[in-house]
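Colleague: this is the structure alone, sequence omitted:
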């Protein structure tokens, strides 16, 4: 009973299994290989890098602010303070609080081709990454080819083994018939 069920299951599996061509196997491997998604990412990364490098020509503005407090400051001499008071000014010395605010604007006028070279380098690096990805895909296709042809070889070896088995069985039957019919002797066997 178990043998019949196993045979039935194997027959059903054999009917479900479909032969695939080498090209179909390669396309399925490329489609399901995660590195294939890197092509789009490499192109996007390269373009963003080039855009960021191009922004080197834009003016750059920096702002800074500083506040300090001194515990001890220089004061004006008394003679000078009196002189200021006579003029109507009340200046006792420097204040303990000091503030500094600054804005800096920089614009590149000539860079000697540095930005253009950086853009070119970024694009070349993107091409190198794409070539590495392509190499990885070729390795996948190579592995698929090796597996495909090794499976074909195994199938052919199984067929040859079946043929040899059938030949040996027929030879065994012939010899058994010869022994049974007394056409051959035991000494010849």
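Modeller: Sure thing, it's come through. Since this is a predicted model, take the numbers as computed values, not measurements. Numbering: from 1, shown residues only.

Colleague: what about the strand or helix carrying residue 115, average pLDDT?
Modeller: If you go by DSSP states H and E, residue 115 is part of helix 114-180. Across helix 114-180, the average pLDDT comes to 90.

Colleague: swap in stretch 94-101?
Modeller: The model assigns stretch 94-101 a mean pLDDT of 86.

Colleague: ok now that stretch, how far from the chain's centre?
Modeller: Computed by CA atoms, centre = their mean, to the nearest Å, the chain-centroid distance of stretch 94-101 equals 55 Å.

Colleague: please apply the same query to stretch 45-54.
Modeller: Per CA atoms, centre = their mean, the centroid offset for stretch 45-54 relative to its chain is 19 Å.

Colleague: quick revisit: what packs against the helix holding residue 115?
Modeller: helix 22-32, helix 38-54 (3 or more CB pairs under 8 Å, 6 or more residues apart in numbering; DSSP states H and E). Yep, even glycine has a C-beta here, placed from its N, CA and C like the rest.

Colleague: mark out where each domain of this structure begins and ends.
Modeller: Using automatic domain parsing, the domain parsing of the chain gives 20-58+114-189, 60-106.

Colleague: make CSV out of the ones you listed and add mean neighbour count.
Modeller: As requested, the domains of the chain are exported to CSV (neighbours: other CB atoms under 10 Å):
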stretch, mean neighbour count
domain 20-58+114-189, 12
domain 60-106, 10
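
Colleague: so what pLDDT did the residue of the chain most remote from its centre get?
Modeller: For the chain, the largest distance from the centre (CA atoms, centre = their mean) belongs to residue 86, which lies 79.6 Å off. We have a pLDDT of 88 for residue 86.

Colleague: would you mind measuring from it to residue 80?
Modeller: 11 Å (CB to CB, to the nearest Å).

Colleague: against residue 170, how distant is residue 126?
Modeller: As judged by CB to CB, residue 126 and residue 170 stand 66 Å apart.

Colleague: check contacts around the closest residue to residue 130 other than its chain neighbours.
Modeller: Spatial nearest neighbour of residue 130, excluding adjacent residues (CB to CB, 6 or more residues apart in numbering): residue 42 at 5.5 Å. Residue 42 is in contact with 126, 129-130, 133, counting by CB atoms under 8 Å, 6 or more residues apart in numbering.
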